[in-house]
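K.L.:
Let's see this in three dimensions:
(chains A and B)
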Amino acid sequence: MELLIQIIVPIVTVAVLLLLGFTIGRARERRHFADLDSRELANREFVVTDLRTVPPGMEPQSARLVMGATVIASDYLKTFLSGFRMVFGGEMRSYSTMINRARREARLRMVESARQAGALAVINVRFETSTVSGTTGRNAAPMSEVLCYGTALLPAGP
Amino acid sequence: MIVVNTETIPGYEILEVKGLVQGNTIRAKHLGRDITASLKNLVGGELTQYTELLTESRRQAVDRMIQQAQELGANAVVNVRFTTSSIAAGAAELYAYGTAVTITGSSAKPVAGTSSAPPAAPPPPSSVG
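P.N.:
Model (predicted):
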């Protein structure tokens, strides 16, 4: 009996956590992607480039640094599935969507803060990704920070 | 104080390069944040508290960099770069660096960025071609 409990309890726990990742995690991800799509559509006309020079036709009078950042965590299902992927190798699609989400969010935050300042465009955009070390132990789930920064071109001096 | 990550500042002219300036900060997250983060790890998504923590820390690093630039008598920092590295489990270093320069407006009025006393020898605005 005691042995049975020792086996069943962890299995049930893992199953519940997986289900949690599968349902809530997925729903949240889908909602976030929909939100990203609509915000990107709203900012489609705004010029964002990683070129270092001012785009032709623009005559900015000043500039300032703008940035956007986000920290993202994977869900239990993704972490679990990645364990299998580590064995066989290949693309970890669940993680690439995760990082993609963070990158798009960081970029949008930068763009939104630039537009709030009345910028014409953002040039010299750089992305930086770093691992935020998560909980220790074998259940350490990946957490990443994405930073996006660039120079906003302003139409008037300060 | 104008801070940009391009080599030049649109609308201004760089008169003098003062040198490299930098600012850093190492932040540890506290236990309360760690607990919410581990819960968030089950369902995934953004860790808003960490985002705020790192954004705030990065601003501090930039402020330190700006302070150093002001001490050099500069009124702008160009070519700013950011790096982040984890020093130990639960601690991250945020580092910002750039080149302190003095600028003047090529079209507009000169920037009144440094409100403190000007450096010993302010550069003559007309001597640079």
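K.L.:
who are the neighbours in contact with the residue nearest to A:His32 when sequence neighbours are not counted?
P.N.:
Using Cβ to Cβ, 6 or more residues apart in numbering or on different chains and skipping the chain neighbours, the partner closest in space to A:His32 is A:Arg101 (5.9 Å). For the C-beta atoms, the positions are set from N, CA and C on the backbone; glycine is no exception. Contact partners of A:Arg101, counting by Cβ atoms under 8 Å, 6 or more residues apart in numbering or on different chains, are A:29, A:32-33, A:36, A:72.
K.L.:
just the buried members of the residues you listed?
P.N.:
Burial of these was assessed by neighbour count (16 or more other Cβ atoms under 10 Å in any protein chain shown); the buried members are A:29, A:32, A:36, A:72.
K.L.:
Of the residues you listed, which belong to strands?
P.N.:
Using DSSP state E, A:Ile72 are the members of the buried ones among the contacts of A:Arg101 that sit in strands.
K.L.:
What strand or helix carries the residue sitting furthest away from the middle of chain B?
P.N.:
No residue in chain B sits farther from the centre than B:Leu42, which is 34.7 Å out by Cα atoms, centre = their mean. B:Leu42 is located in helix B:31-43, with elements delineated by DSSP states H and E.
K.L.:
quick one: that helix to chain centroid distance?
P.N.:
Average the C-alpha atoms of helix B:31-43, do the same for its chain, and the two points are 30 Å apart (Cα atoms, centre = their mean, to the nearest Å).
K.L.:
Which strands or helices does the following helix or strand past that helix pack on?
P.N.:
As assigned by DSSP H and E, the chain's next helix or strand after helix B:31-43 is strand B:44-46. If you count contacts as 3 or more Cβ pairs under 8 Å, 6 or more residues apart in numbering or on different chains; DSSP states H and E, strand B:44-46 packs onto helix A:26-42, strand A:62-75, helix A:93-116.
K.L.:
tell me the mean pLDDT for the shortest one?
P.N.:
Mean pLDDT, computed over strand A:62-75, is 91.
K.L.:
ok, that strand near chain B or not?
P.N.:
Yes - for a cut-off given as Cβ under 8 Å from any Cβ of the partner chain, strand A:62-75 has contacts with chain B, namely A:62-65, A:67, A:69-75.
K.L.:
Excluding sequence neighbours, find me the nearest residue to B:Glu93.
P.N.:
Taking Cβ to Cβ, 6+ apart as the measure, B:Glu93 lies nearest to B:Ile26, with 4.6 Å between them; neighbours along the chain are not counted.
K.L.:
Sticking with the one you found, tell me its helix or strand.
P.N.:
strand B:12-28.
K.L.:
can you pull the buried residues of stretch A:52-69?
P.N.:
Within stretch A:52-69, the residues scored as buried using 16+ other Cβ under 10 Å are A:54, A:60-69.
K.L.:
Can you tell me which of these is closest to A:Met143?
P.N.:
Here the nearest of the buried residues of stretch A:52-69 to A:Met143, counting by Cβ to Cβ, is A:Ala69; it sits at 13.0 Å.
K.L.:
give the contact list for the closest one.
P.N.:
The neighbourhood of A:Ala69, defined by Cβ under 8 Å, 6+ apart, consists of A:106, A:109, A:145-148, B:51, B:54-55, B:58.
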